[in-house]
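Novice: Here's a sequence, model it:
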Amino acid sequence: GNSTSYAVANSTLVSDTLECLAVNKNCSLLRDSLYQDPTDGLLSRYSSVGIRNDTKYLLLLAQYYSKKLLDEIPVESCNSTTPSPWYLFKYQGGCYGAMVNTTYASSPAFLLGNYTSDQYSTWTESRWSASYGIRLFMMTDQQENLGIFVGGLVYFVVLSMGIWQCHRKRELIFAET
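Specialist: From the prediction side, this is the model:
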């Protein structure tokens with residue numbers, strides 16, 4: 001028949017990620033990928049031009065998920081200046097690459113020292129709402145969906161026939177004595 005395969009979420013990984021993002025940045029994923037333990041508390045959702053510690057934590061999480069061991073690059077020459085499409089970093093004794101990195105987004109006005117420039121922007125700010133949520137949609141098995149649908153149809157037909165029989169014999173059922 002026609003079988004469809006579905007990806008199965010790793011519930012431990014999802015739980016650990018949600019712990020890092022929504023509960024406490026001193027979580028197991030960040031502790032495993034840092035050389036030092038992060039402080040307790042929520043990750044800051046403030047975006048700025050500079051790279052803050054919380055931005056580094058989010059970068060490390062993204063690199064953790066997208067990392068790939070690059071055996072062809074010796075650990076001694078594993079750094080982000082090595083020509084490669086990957087952002088390179090050392091992790092657990094190997095050279096890893098990730099497609100995630102950060103760059104500074106400073107305005108040329110800061111380099112020129114012209115903070116009143118009409119040509120270049122000197123201030124940007126983004127704020128995130130403090131309320132956020134998550135929606136999780138589970139996909140059911142097609143055979144289960146078909147079984148529920150057919151069961152509902154059978155239930156509908158049986159009830160309809162019972163109602164029709166009651167309607168047909170209404171004079172006998174509701175006869176006045």
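Novice: can you give me the helices in this structure?
Specialist: Counting by DSSP state H, the chain has helices at residues 11-18, 28-33, 53-66, 108-112, 142-168, 170-173.
Novice: send the alpha carbons of the last one over as CSV?
Specialist: It stands for helix 170-173. In CSV, the C-alpha atoms belonging to helix 170-173 read as follows (Å, rounded to 0.1, in the frame of the first residue of the first chain):
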residue,chain,number,x,y,z
ARG,A,170,-44.7,8.0,16.3
GLU,A,171,-48.4,7.4,16.5
LEU,A,172,-47.9,4.1,18.3
ILE,A,173,-45.1,5.4,20.5
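Novice: tally of neighbours for Leu30?
Specialist: Close neighbours of Leu30, defined as other C-beta atoms under 10 Å, add up to 22. No exception for glycine: its C-beta is placed from N, CA and C like everyone else's.
Novice: Please list all residues in contact with it.
Specialist: Cys20, Pro38, Tyr57, Leu60, Leu61 (C-beta atoms under 8 Å, 6 or more residues apart in numbering).
Novice: Quick check, pLDDT for the second one.
Specialist: The one in question is Pro38. Listed pLDDT for Pro38 reads 67.
Novice: What of the fourth one?
Specialist: According to the per-residue confidence, Leu60 scores 76 in pLDDT.
Novice: Look up how far Cys78 lies from it.
Specialist: The gap separating Leu60 from Cys78 is 16 Å, by C-beta to C-beta, to the nearest Å.
Novice: got it, and Leu30?
Specialist: 21 Å.
Novice: cool, Gln143 as well?
Specialist: Taken as C-beta to C-beta, the span from Gln143 to Cys78 is 49 Å.
Novice: Of these two, give the one with the bigger neighbour count.
Specialist: Cys78 (18 against 9).
Novice: residue contacts, the more buried one?
Specialist: Leu70, Leu88, Phe89, Lys90, Cys95, Tyr96.
Novice: now, which of those lie within strands?
Specialist: Those of the contacts of Cys78 mapping onto strands are Leu88, Phe89, Lys90, Cys95, Tyr96, per DSSP state E.
Novice: from those, which has minimum pLDDT?
Specialist: For the ones in strands among the contacts of Cys78, the least confident entry is Phe89, with 77.
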